[in-house]
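# Quick one, what's the 3D model for this:
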Amino acid sequence: MSDGATPRRVAIVIGGGMTGMLTASVLAEHTDVTVIERDLLPDGPQPRKGLPQARHAHVLWSGGVKALDDLLPGVVDQLVARGAWRARIMTDLVSKAPSGQWFRRFEDSHHVNLLCSRDLLDAVVRVRVLEDQRITLRLETEALGLESSGDRVTGVRIRSADSTGSLPADLVVDASGRSSRAPVWLAELGLPPVLERKVDAGVAYASRIYRAPGTAAGRFPIVNVQADPRQTPGKGGIITPIEGDRWLVTLSGTRGGQPTSDNNAFLPFARTLSHPVIGDLLAGAEPQTDVVTTRSTANKRRYYEKAARWPEGFVVLGDAVAGYNPVYGHGLSASAQSVIAMRRVLADRNLGAPGIARRIQKAAARPVEGAWGLAVGQDVFYPDAAEQPPKRIERVLAAFVDRAVDAGSRNPRALRVLLDVMSMEAPPARLLMPDMLAMVYLGRKMPPLDGPPLTETEWIAAVAAAQSGRED
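Numbers count the residues shown, from 1 in each chain. Presented below is the predicted three-dimensional model:
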């Protein structure tokens, strides 16, 4: 007999990666959660199938560090205890900007990046999340499609090693990453395709792990030489110190200048960057792995928040919404902040309330917009990066960012504002506020642009678009 209690709701999360685990941790506050993962996950900090980007450098910006610790209090300390470390930006960062300047370094900084391997990050978060008994993980289980009734998603069709079936759910969250099948599933429900945009700078990555030499072991700074989109091919590189007194080194190049998997070519390529500092440092370091490469680096975004129709009970988060060129390091931070946005929506609303899925989708789009603008604002200028040439507002904002970097090299206050945006602690619109405009343009002319200068109305529209997450 029923005791009259309201049945506890059920949620399904598709994907057992970082976004999926963080999503499950939030949903478990409201419902029982089943996480569906098609692969077999490792027991500890080991490579996992289906995550090739894990072999390359990862930097969790301070906006992502704060979001991670907000979602899982104390988890950053757990990571540090396992060998990760908090790098102070700009104190523990030596960085050459795309425009050619070296960023100013200073001791007083509240921006803290988390440095470790992706394997360690995923393993510690996964163990922490799965301590919650309300969360069940089903490994080697593939999501085949969505079950629905009317305009509501009611579950997921699944296939495991020896069976197929379906799992009912009040809410389904697709956190399956770049390989997401959500566009196909929505089409199967009779919904029109959503707007998509792709910006592919043709970047290839080559990475290798080194033993840090001598006194460089321990708290060695991040060393970053960024590519300049005005000079092709664009070449860049980064040394990120990780646990175990190791350096994870990633080199990158666009079409016509891409690195290869040849071990003997890694150091010579590093010496072809716009500054030889990375090559000079590697000359005294011992390689511990072979070179690994990837070319899956395109920025790709699906504007689910703008869909004319959206089913109840279905949400898409993380790389399934937008995947970014990894060189900018914003993917993990944007995902964590999107999960924070979901938690805020659910704070005062029932999981099954009408329109809740669409509210979550729109809220999650705001941090996505910030990360997207930072990535595309550079990549769109490489030859053949997009089907359409850079939008006028993109050209204006890119020129402005160059000026902001220049101002930051002279003015610590301007640099801190720029870092607030780069660290995803403030939206891109912060760069267009009066104090920053004054620091950037006081006594300087606007940079030359093709076409007439922006009118005051267009500047206001640019600020409004950045604040609201629209793209005009």
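
# What helices and strands are in contact with the longest helix seen in the chain?
As assigned by DSSP state H, the longest helix anywhere in the chain is helix 356-379. If you count contacts as 3 or more Cβ pairs under 8 Å, 6 or more residues apart in numbering; DSSP states H and E, helix 356-379 packs onto strand 196-199, strand 299-302, strand 314-316, strand 322-323, helix 331-346, helix 392-408, helix 412-422. The way it works is simple: take the backbone N, C-alpha and C, and place the C-beta from them, glycine included.

# residues contacting the nearest residue to L144 once chain neighbours are set aside?
Among residues not flanking L144 along the chain, R157 sits closest, at 4.3 Å (Cβ to Cβ, 6 or more residues apart in numbering). Residues in contact with R157, defined by Cβ atoms under 8 Å, 6 or more residues apart in numbering, are 143-147, 164-166.

# again with H110
Going by Cβ under 8 Å, 6+ apart, H110 touches S62.

# now do L60
68, 113-115, 121, 329, 332-333.

# Spatially nearest residue to G408, not counting backbone neighbours?
L415 (3.4 Å).

# What distance do you get for A398 to G408?
A398 is 15 Å from G408, where distance means Cβ to Cβ, to the nearest Å.

# wait, R159
In terms of Cβ to Cβ, R159 sits 52 Å off from G408.

# returning to that earlier point: I figured the residue nearest to G408 was touching I89, is that so?
No. Between L415 and I89 there is no contact under Cβ atoms under 8 Å: 10.0 Å.

# pLDDT weak spots in the stretch 51-200 of the chain?
Scanning the stretch 51-200 of the chain for pLDDT under 70 picks out 52.

# Could you pull out the strands in it for me?
85-89, 93-96, 111-115, 135-138, 142-149, 152-159, 164-168, 171-174, 196-199 (DSSP state E, counting those that start in this stretch).

# Now the ones you listed in JSON lines, please, with extra columns for distance to V368.
Shown next, in JSON lines, are the strands of the stretch 51-200 of the chain (distance: least, Cβ to Cβ, whole Å):
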{"stretch": "strand 85-89", "distance to V368": "22"}
{"stretch": "strand 93-96", "distance to V368": "25"}
{"stretch": "strand 111-115", "distance to V368": "20"}
{"stretch": "strand 135-138", "distance to V368": "25"}
{"stretch": "strand 142-149", "distance to V368": "22"}
{"stretch": "strand 152-159", "distance to V368": "21"}
{"stretch": "strand 164-168", "distance to V368": "27"}
{"stretch": "strand 171-174", "distance to V368": "14"}
{"stretch": "strand 196-199", "distance to V368": "12"}
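
# Q337 versus the spatially most central residue of the chain, what's the distance?
The residue lying closest to the centre of the chain (Cα atoms, centre = their mean) is G331, at 0.4 Å. Distance of G331 to Q337, given as Cβ to Cβ: 11 Å.

# again, but for V203
24 Å.

# more crowded one of the two?
Neighbour count, other Cβ atoms under 10 Å: between V203 and Q337, V203 has more, with 29 against 26.

# rewinding a little: from G155, how far out is the nearest residue to the residue nearest to the centre of the chain once chain neighbours are set aside?
Spatial nearest neighbour of G331, chain neighbours left out: Y324 (5.0 Å); criterion: Cβ to Cβ, 6+ apart. The gap separating Y324 from G155 is 31 Å, by Cβ to Cβ.

# What count of nearby residues applies to A353?
Going by other Cβ under 10 Å, the residues that sit close to A353 add up to 12.

# For it, what is the enclosing helix or strand?
Using DSSP states H and E, A353 sits within no helix or strand.

# switch to numbering from 452
Taking 452 as the first residue, the last one we looked at is A804.

# give me every residue that touches it.
Neighbours of A804 in contact, by Cβ under 8 Å, 6+ apart: none.
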